[in-house]
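Student: Predicted model and sequence follow; I will ask about them next.
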Amino acid sequence: MIIVKRALSIIFAAAAGCAVFAGTAAAGELDVRMAKIVKTFTRAAADAGVSTATLAVLPFQTDKKLAEKRVNHACAEILSSRLVETKTFTVTERARLEEIMQEQRLGLSGAVESATAARVGKLSGARLVILGSVSRLGANYHLSTEMVDSETGEILASDVTEVAVEVFDKDASKYITEVPEYDAIGIYLAGGCGPVSYEKPSLVTNAGSGVTLTPVKTDISYGYMGLGLRYLLSPKWMVDAAYFPSVVFGGSNGTIATGLDPAGPPMTNVNNPESYETTMFRLLIDRTLPVSRLFKAHAAVGITQFPQFKADEVIVNNGGASTPVTIRTSNSKTALTTFRLGLEWKPKPRFGWSISGLYYLGKMTARTTAIFPDRGTAVIQKYETRPFAAETYLSLYF
């Protein structure tokens, strides 16, 4: 009986060990495949006497669908990381390679031959260049790689391997994104602010009511928040539309004129609400310029529109109900040509944070008008938006 128990214990232990081993192997299968490629290339470099040379890994060639999923990007990034871990090669930065390939008018999809790869290697200062391709065959990804000597153009080694799609997608999840480089949508929350210039009118006298008003300068700026939508037409171009439901123009105090009742109490000041609120619409065409793996510059041009708004009227009395003065603030409908330049940080493919500066051709003007009992009017406050403004955005892409 004891022997049977021991046998069963051994069987169960072995089964558990196999299960754990199988799970570990499956989880690390992509690493195993990449390690095999690295071993092949390391041995070939040693045989050629260039085992400590500078090495560049070009983007892998693939089809449109896998490129949108960034499978080729994942292959190149993982292979580069494994080569760095060997501490044998000096691996060229990906941003430098992309810059050279753009200068040489080569697609970043990696569609290059060994001769072209050798030229890129020389320009980047890399003696060895790895190029490859990845395609889907049924339930597997088919990876084909070559290592080229940039000085001779000779192919020193090559490798062909397959990895199950399910395993690859799991092990390379941090490199893969389902956000395509075009036909993608981004939504964002935006906030901004800008300065306002003030024009102080001269003394205002209304003969009918015998009131003389002295305008008081009020420091005013404006801020706003809203939502935007981006549609990526291509890897370099997108349409950007935004609606800002709350654009607030405000000052440090509400006194805009004095002298309403020269004789004294009950009221000597004209007080308007400290802030006025309107809305704003914007439509831009944006050109994206890659700076590095994590940063992108944006240059855009378009139209910003301020719809006509009218603040709530305020009625004040000149010592009594018989001489009310109405204070009204409004603007005219304005459309401004807009230029925007900004920098976006994308630590994750789906997330971005950016800051931008804007320049407007033109200005939005608002006036505060006093309406006297005899229907006479006078402008007692006038302000205009200045050309520059600043904004920040939090974006989500899908």
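Tutor: Ah, there it is. Numbers count the residues shown, from 1 in each chain.

Student: From here on, just use CA atoms for contacts and neighbour counts.
Tutor: Fine.

Student: which regions of the stretch 201-350 of the chain sit below the pLDDT cut-off?
Tutor: Scanning the stretch 201-350 of the chain for pLDDT under 70 picks out 201, 209, 217-219, 250-275, 312-323.

Student: Spell out the residue ranges of the helices in it.
Tutor: Counting by DSSP state H, counting those that start in this stretch, the stretch 201-350 of the chain has no helices to list.

Student: Do a quick rundown of the strands in it.
Tutor: Counting by DSSP state E, counting those that start in this stretch, the segments of the stretch 201-350 of the chain that form strands are 204-206, 211-215, 220-232, 237-251, 255-258, 269-271, 275-290, 295-306, 314-317, 324-331, 334-348.

Student: Show me what the longest one is packed against.
Tutor: Read it as strand 275-290. If you count contacts as 3 or more CA pairs under 8 Å, 6 or more residues apart in numbering; DSSP states H and E, strand 275-290 packs onto strand 237-251, strand 295-306.

Student: Partner strands of the first one, with direction?
Tutor: Looking back up the chat, that one is strand 237-251. strand 220-232 (antiparallel), strand 275-290 (antiparallel) (DSSP bridges).

Student: Let's have these in CSV, adding mean neighbour count and distance to Lys39.
Tutor: Below are these laid out as CSV (neighbours: other CA atoms under 10 Å; distance: least, CA to CA, whole Å):
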stretch, mean neighbour count, distance to Lys39
strand 220-232, 19, 40
strand 275-290, 19, 33
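
Student: which residues in the stretch 51-200 of the chain form strands?
Tutor: For the stretch 51-200 of the chain, the strands defined by DSSP E, counting those that start in this stretch cover 54-57, 90-91, 128-137, 140-149, 155-164, 184-199.

Student: Among those, show me which one is buried the most.
Tutor: strand 54-57 (a mean of 26; mean count of other CA atoms under 10 Å).

Student: Contacts made by it with the rest, please.
Tutor: For strand 54-57, the external contacting residues (CA atoms under 8 Å, 6 or more residues apart in numbering) are 76, 79-80, 89-94, 97, 121, 125-131.

Student: circling back: and the strands of the stretch 51-200 of the chain as CSV, adding mean pLDDT?
Tutor: What follows is those, written out as CSV (pLDDT from 0 to 100):
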stretch, mean pLDDT
strand 54-57, 89
strand 90-91, 88
strand 128-137, 90
strand 140-149, 91
strand 155-164, 92
strand 184-199, 90
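
Student: For Leu343, which non-adjacent residue is spatially closest?
Tutor: Ala297 (4.5 Å; CA to CA, 6 or more residues apart in numbering).

Student: pretty sure the one you found is touching Leu289, no?
Tutor: Yes - under the contact definition of CA atoms under 8 Å, Ala297 touches Leu289, with a separation of 4.9 Å.

Student: Sweet, I'm off.
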